[in-house]
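Engineer: model this:
(4 chains)
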There are 4 protein chains.
Amino acid sequence: MSLVVFPFKEEDPEVLLRNVEVALEHPRVSEVLCVGASEDRCFEVTSAEAPSLVRRYGKPVKVILQERLGELRPGKGDGMNTALKYLLEETDHDRVHFYDADIVSFSAEWITKAEEAADEGYQVVRHYFPRSSTDAMITWMITRTGFSLLWPRSVLPWIEQPLGGELLLSREAAERLFSDPRVRRQSDWGIDTLYTFSMVAHRLSISEIYMDVGKLHKLYGALTDLKTMLIECFSALRSLKHEHVPEGTVHHIEYPGPVRQEMKEKVGYDFERTLLLLRKGWTERQADLLSLFPARVREGMLASREYPRFAFMDEETWAEVYAVLLAHFDSGDDDWKELLFKLWITRVLQYTTTVALRGYDYAMHYLHQMVARYVHRALVGGSTV
Amino acid sequence: MSLVVFPFKEEDPEVLLRNVEVALEHPRVSEVLCVGASEDRCFEVTSAEAPSLVRRYGKPVKVILQERLGELRPGKGDGMNTALKYLLEETDHDRVHFYDADIVSFSAEWITKAEEAADEGYQVVRHYFPRSSTDAMITWMITRTGFSLLWPRSVLPWIEQPLGGELLLSREAAERLFSDPRVRRQSDWGIDTLYTFSMVAHRLSISEIYMDVGKLHKLYGALTDLKTMLIECFSALRSLKHEHVPEGTVHHIEYPGPVRQEMKEKVGYDFERTLLLLRKGWTERQADLLSLFPARVREGMLASREYPRFAFMDEETWAEVYAVLLAHFDSGDDDWKELLFKLWITRVLQYTTTVALRGYDYAMHYLHQMVARYVHRALVGGSTV
Amino acid sequence: MSLVVFPFKEEDPEVLLRNVEVALEHPRVSEVLCVGASEDRCFEVTSAEAPSLVRRYGKPVKVILQERLGELRPGKGDGMNTALKYLLEETDHDRVHFYDADIVSFSAEWITKAEEAADEGYQVVRHYFPRSSTDAMITWMITRTGFSLLWPRSVLPWIEQPLGGELLLSREAAERLFSDPRVRRQSDWGIDTLYTFSMVAHRLSISEIYMDVGKLHKLYGALTDLKTMLIECFSALRSLKHEHVPEGTVHHIEYPGPVRQEMKEKVGYDFERTLLLLRKGWTERQADLLSLFPARVREGMLASREYPRFAFMDEETWAEVYAVLLAHFDSGDDDWKELLFKLWITRVLQYTTTVALRGYDYAMHYLHQMVARYVHRALVGGSTV
Amino acid sequence: MSLVVFPFKEEDPEVLLRNVEVALEHPRVSEVLCVGASEDRCFEVTSAEAPSLVRRYGKPVKVILQERLGELRPGKGDGMNTALKYLLEETDHDRVHFYDADIVSFSAEWITKAEEAADEGYQVVRHYFPRSSTDAMITWMITRTGFSLLWPRSVLPWIEQPLGGELLLSREAAERLFSDPRVRRQSDWGIDTLYTFSMVAHRLSISEIYMDVGKLHKLYGALTDLKTMLIECFSALRSLKHEHVPEGTVHHIEYPGPVRQEMKEKVGYDFERTLLLLRKGWTERQADLLSLFPARVREGMLASREYPRFAFMDEETWAEVYAVLLAHFDSGDDDWKELLFKLWITRVLQYTTTVALRGYDYAMHYLHQMVARYVHRALVGGSTV
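Structural biologist: Below is the predicted model:
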C-alpha cells in the first residue's frame, strides 16, 4: 500500500483538500501526508479539515511542517525530504507518491497509472505530460542541456521531465535517495534535479508515464518569476559536475498521445516584458565577467544594453556559454546570478523567434534533437562524417 | 482559347522559359506573352529563345517591353496593363492568364484549374495558396484590414489573396478593368489592389481556386525589402477611400486542402533584424506626426527609439491607427512613409509574438476572425450584445 | 428582441430546461417557446416548470403542442412551422432562434453569435460546427450532392450544414418561409431541407456562423437509425427537382477554427453492423428495380446478398445512381425505400474505406471537393481540358 | 570503414545501381556488396555494371549470389547471412550496413546517420521511419505482440520496427549474430525477426534512428501478398518461444519528427479485396482447428464463411488467439497456415474499422499503448487497481 504526499506552500486550500480526497478514495492509498513550508493559511485550513477526512475515509491524514534537513535555502527540498524521512521512520508503506498541491487536473488516474507501472517492477515512476513549446525553458536549456553535456552515456539526458514533481518511489528507492547526502543537502528548488540525478546514479529502474490531461497551472508573465528557480536548478546541476553516473539504467518512456490543440496554442511567457529584462540590472562587474565568454556572446550581451540582441545565442553558442558557466559560475555572487539570468533569457528569445515560432510539432522535434546533438557533441565532438 | 502573360523584371530566365513552355504545351493556350519591365538580361535571353519556341510549339510567343500607361512610379502596374492592352487591341483571345515569372512550382494544373472555373461561367478566377503565418503581412494588415473597414458590405474583405498576381480574366472582364481609369493610372505595386478593387466594383463574378502546391518564392530578411510595396499598396487603397463598391458580387472560394507541415513551419521574416528597424531613421517630424495618433500609440512608438515596444499594437489599436492613416497619410512625404513602415512593423511584431507564436492553425483562424471583427466594427460598431 | 424556440420530442427534460434558462438569461431574448411533438413526459415536466421560470426571469415561457399544419408524416416540420405561426400571429418579435432541445453544449454564445451576425443585416443566420468524418452522411451524400446536381448555380451546394436545426430568422425571413406552401406542407424530417431551399429560393441573405464547441449528441449504431430520416430528406429534395432557384444569394461562411483532436477521432457509426444490413431485407422486386441502374451497380448490389460489395460505389457511380433515383424513386413504395437505404449504405461504406480511412483532414477536403466536382459536372459536364 | 550490403531479388536494376552509387560516394564506405537471390535480370545488369563503378569510384563493388546457409525456405535470410559471412571471412571492415535494394528515397543521409550513432558506441543501429496506420500489420499484430507476450521484461517489445531491413552492425555485432545457430538456420522471411531477437539476446546496444523521408515502396492490394511473409514471421517467432532473453539491453530511440500529411493519408491495403479473403479457401479441417480457440472466435470465424465478421477480434481476443497459435500452430500444415492468415486478416479488419478509422495520430497512439498493455498483461496480468 502507498503513502501519498503533497508538499505545499501558500496554495489554495480548496484545491489541496480536493486532491487529498482524490488520494484517500483510491484503493491503493493507505495514508496521505501534507507537508507545509510554513504555518500559512493553507496549513491552518488543511490542518483543521484533516480530522474530518480521517473520519470520513478511515485512513490517516497528516499535516506537518517541513523540517530543516538541508544546507541551502530552506525550500521545496526540505519539504520533499521531510516526507521521505516520515515514510522511512514512521511508516512501513511500500511506495510513496509525490504530487504538487496545486494540480487542478488531479484525478485517480494519476495514482492508478503510477501504481500499474510500479506493479511491473519499476522502482521509480515519473509522470510526464505535454507542455507548451515556450514553457519548460529551464528544463530544456538548463537541465536537459546540462545532463547531455555532462553525462551523455547515462539515461539522464533522455528523461522527459527531469524537474517534474509528480512521481512514485518504491520504499527501496526512497531509502536510496534519502541516504544520499547530496540529496539531503538540497533544500531548495534544486531538489528535483537531485532526485532525478540520484535515481540514475543509484541505477534505479525508471518508468515515465504519460498524463494526457497535463498539469494545468498558470503561465508566467515576464520570465522574472523564474529567476530563483533557474539559479537554484543550475547551481544544483553544477554542484554535481564531477560526479560519476553509471550507464545501463533501465528507463522506459510511455509513448505520448496526440496533444490537444489548446496546449499547442499556449504561449509560456510575455515576450515584450521579457525582452525588457535584457536592458535592466546591468553592473560594471557583469560586463567584466562577459570577458570569460566568446567574443560574439560578449558583444551581443553588451549590445543588448542599448537595444535587444539575441539571434546570436543559437544552440552551438549556448553550448559554449554553458561550458563557461559550468567552469566559472558562482552561486553566491549576485552579478553571476543576474548574468546567468540574462544569458538564459537571451537563449530563450533566440529559441522562441526561430524555433517555437515554427509551431509546436517543429519545436518539440527540435528540442529533442537538440538534446541528441548535445549528447553526440559530448561523446564524439562535431560530426566527422 | 487563352493568352498567358508573364510580367517580369530581372528574373531568372531559365525559370521564366520553363514556365513559358508549360503554358505553350497546354491545349487551352494559344499564345504566350512576356512583358519585361526593362531590357535586362532576362529580356534578352527570353527574346533570343522565343523564335525557337514558336517553331517547336507552333504558337506565337511574344516578348515585349511594358509601355508607360500609368501616372505613378512605373512598375508592375504598367506591365500588367500593357498586357491587357495587347490582349484587347492585338488579339481576340477569350481569356487571359497572368502568372508571376518566378513561380518555380508552376505547372499545367495552374492553367487547367483556372480554365475549369472559367468554364463554369466565372469572369475572374484568382489562384490562392497556403502561406506561412508570418508571411503576407501587407495582405492581412493593410489590404484586408482596409477593405474590411472601408467596404464591409462588399466581398472585398473576403477575397483570400487580394494582392495575388496569379489570375484569369475573361475578355469581358479585361475590358472592364482596362477601361477603368483608376486601373490604368496605377502603374506601381498598387496594381494588384486596383485589379481586385475594380473587379468587385464592376460586379464581375469571381472564383478563387486553391493551389495546394503554393507559390514557392524566397522569404524576406528584415521587412525592409517590403517597404516600397507596403507604401504603394496602402497608398493605392487610400486613394480609393471615397469610392463606392456595390454589394452582391458572386464570389466563390474553393475549400482549401490540408496544409503541408513544411509550410506550417516557415517563418516569413528575420525577427531580430526587423526589430532593429524600430530604432532607425527617426526624425523630429515623425515624432510630431505621432501627435495625430492615440496617446498609447504615440508613447509606444517614441519609446521604441530607446528599446522596442510593440505589445500595445493590438487589433483594436491598429484599427485606430489605420483610421488616422486613412485620414492623414501623405504618400509624397518621406516622414509619413517611414512612419507608416514603423507602425506596420510594430503591428507585425505584436501579431508575431502573441498570435503567430501559437502556431499556424491558430494564426490562420485569428487572421480570418480579425477580418470578420473589422467588418463587424465597420457595420455595427462594437458588440452591443 | 428575439424569440427562442426549442422543438422537442421525448427529450431529457433536464437538458431542455437548462437550455431554456440559458436563453432566458440572455439580454437579447424576450420570450422562450417550447414546442412538443406530443404530451410526453418531457412535455409534462417542462410545462410544470414553466411558471416558476416565468417568475424567476420575468419573461414569458410557453410550452405548446405542435399543430397539424403539413401533409406528410407529422414530425419535426409541424413543430418548426407551429413556432413560425406563433411568432407571426401571436407576437411581434424581430427575430426567432431555433435550437434542438438536446444540445448539451448549448450556451449564451450560440445566441450571441447569431444576434451579432443578424446585426450585420443578414436575414438568416445558420450555426455550423465540426462533425466527424463519418458523421453527416445524409448531408453529404444526399442533400449537398442533390443541391449540387440540381441547382449548381445557386448557393445551395455551398451551404455547410443544410440539414442543421440551429438557426436564426429575421421576422421578414420567417414570413417568407411560412408563406411558402412547399414549406408548410413538409411536416416531416424534410423540413430542414425545405427551410434551406426556401431561404435560397427567396434570396434571403445568409450567414453561416461557426460553433467551435460543436453540438454534442450521441452517435449512431448501425445506420438503421437513420433510415426514416434518409428517406424523408431525399424525398423532400426530390419533390423540389423541377423548382427554379435564383443565383446571387448573399451567403457568407465564417472561417472555421482548428478542430479538436477528439472530434477528429470520432467514428460516426458501427461498421460491421452496418455491413450486415446489405444482406437483409431483399425482395425480388428490389432486384428488379436494380435493372434501372447501370450494370456495375446492379451486379454489385446483387452480389452483396452473398458477400458485401461496395468498392464500386465511387463518386462517379453515385452521381449516376442519384440521377436514377431522382427519376424513378417512389416514396410510397417500400421496396424503393429499402433500395435507397442499401444504395446509400453502399456509398457510405465505399467512402469510409477509401476516404475517411485517410484521416479527418483528408476526408473534409475530399467531401468539399466532391461537392465542387458535382457542381462542375452539372454546369459543364466532364472536364474538357 | 564500412561495408554496405544490398540484398536483392528481382529488383529494378536502375534503382539498385543508383543506390550503389550513393553508397560508393560516401566517405565512410569502402566497399559495396550486392547479394542476389538468383541469377535474374537484375543480377546480370548489376554484375555487368560493377566494373565501371569500381573504376569510377576506386572502391570494390561485388555482386554475388547468396549461399545456401540455412534450413528453411531459401530466401532473404540466406542473402543477409551470406553478407555477414563475406564480411567476416573476406574483409576486415569495422561495420556493415544493410539496405533493401528497392528504396527509392535512399540517400547519403541513411549512411551518415547510422555512422554517427555507431560513433557514439552503439553496436547496432536500426533505421526506422513513419509508416501508414494500416501498413506494418505483421509488425504490430505478430511481431511486437509476440515480443510483448513472450519477453515483456526485455527491450524486444519496444523496438520500433523489429522487421526493418535497414540497419548497421559493428563487426563485433555481426560476429555474434553470425555465430548464433538460430540466426544461421533462418533462411527465409523470418531473418529480420531473428536478427532483432538475437541482438537483444546477446545484449548488443541498440540505437534506433529516425528517417523522416521514409522508405517509399508500393502498397499492397489485398493482403494476400503478405501471406508467406506473415507465416514465416510468425513461425520464426514461435520457434523461439522457449528461449530466454535478458533484461538491461541499452536501447535508444531517436525522437520522431512531425509526420508528413501525405503519409498520414496513406491506406495500406485494399479493404474490399481483403474482406473477400475471409470467405475463401475454407476446409473442414480449418473449421475443426477452430475448436482450439475461444467460442466467440470459433463462431465469428465460421460465420465469416457466410458474411464477414471481425468486430469480435479486439485486442483482448487477439491475445487469446495468439496464445493458442503459440501452443498449436504447425508451420508445415497448410490448414494452419490458411487459418493463421484468416485470423490475422480478421484482426486487421477489426483494427482498421475501429482504430485506424480514427486517424493516424490516434492509431499510432493506440498501437503503442496496445504493446504496453500486452507487456503489462504478461508481467502483471489484468489490472488489479
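
Engineer: neighbours around A:Leu88, how many?
Structural biologist: A:Leu88: 16 surrounding residues under other Cβ atoms under 10 Å in any protein chain shown. (C-beta placed from N, C-alpha, C; glycine too.)

Engineer: okay, it: pLDDT?
Structural biologist: Looking at A:Leu88, its pLDDT is 98.

Engineer: next secondary structure after the strand or helix carrying it?
Structural biologist: Taking DSSP states H and E as the definition, A:Leu88 sits inside helix A:76-90. With elements assigned by DSSP H and E, the helix or strand that comes after helix A:76-90 is strand A:95-98.

Engineer: returning to that earlier point: what residues sit buried inside the helix holding A:Leu88?
Structural biologist: A:76-88 (16 or more other Cβ atoms under 10 Å in any protein chain shown).

Engineer: ok, the spatially most central residue of chain A - contacts?
Structural biologist: Per Cα atoms, centre = their mean, the C-alpha nearest to the average position across chain A is that of A:Leu163, at 1.7 Å. Listed by Cβ atoms under 8 Å, 6 or more residues apart in numbering or on different chains, the contact partners of A:Leu163 are A:138-139, A:143, A:192-193, A:196, A:233.

Engineer: which bits of the stretch 151-300 of chain A sit near chain D?
Structural biologist: A:152-153, A:158, A:247-248, A:250, A:252, A:254-258 (Cβ under 8 Å from any Cβ of the partner chain).

Engineer: buried ones among those?
Structural biologist: Buried subset of those (neighbour count, 16+ other Cβ under 10 Å): A:152-153, A:158, A:250, A:252, A:254-258.

Engineer: of those residues, list those near chain C.
Structural biologist: Under the cut-off given by Cβ under 8 Å from any Cβ, chain C has A:Pro258 from these close to it.

Engineer: okay, and which of the buried ones among the residues of the stretch 151-300 of chain A next to chain D map to strands?
Structural biologist: Among these, the members falling in strands are A:His252 (criterion: DSSP state E).

Engineer: from the buried ones among the residues of the stretch 151-300 of chain A next to chain D, pick the one nearest C:Ser2.
Structural biologist: C:Ser2 lies nearest to A:Pro258 out of those, by Cβ to Cβ, at 39.6 Å.

Engineer: nearest spatial neighbour of the closest one, skipping sequence neighbours?
Structural biologist: Nearest residue to A:Pro258, sequence neighbours excluded (Cβ to Cβ, 6 or more residues apart in numbering or on different chains): D:Asp361, at 4.1 Å.

Engineer: ok, now A:Phe310?
Structural biologist: A:Leu349 (4.0 Å).

Engineer: so who does A:Val348 touch?
Structural biologist: By Cβ under 8 Å, 6+ apart, the contact set of A:Val348 is A:134, A:137, A:141, A:223, A:269, A:274.

Engineer: turn those residues into a markdown table, columns for neighbour count.
Structural biologist: Shown next, in a markdown table, are the contacts of A:Val348 (neighbours: other Cβ atoms under 10 Å in any protein chain shown):
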| residue | neighbour count |
| --- | --- |
| A:Thr134 | 23 |
| A:Met137 | 24 |
| A:Met141 | 24 |
| A:Leu223 | 22 |
| A:Tyr269 | 22 |
| A:Thr274 | 21 |
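
Engineer: what about those residues, which are in helices?
Structural biologist: Mapping the contacts of A:Val348 onto helices (DSSP state H) picks out A:137, A:274.

Engineer: closest to chain C out of the contacts of A:Val348?
Structural biologist: A:Thr134 (18.3 Å; Cβ to the nearest Cβ).

Engineer: just checking, A:Ala23 touches A:Ile111?
Structural biologist: Yes: counting by Cβ atoms under 8 Å, A:Ala23 does reach A:Ile111; the two are 6.6 Å apart.

Engineer: between the two, who's got more neighbours?
Structural biologist: Neighbours around A:Ala23 and A:Ile111, counted as other Cβ under 10 Å, are more numerous at A:Ala23. The numbers are 26 against 23.
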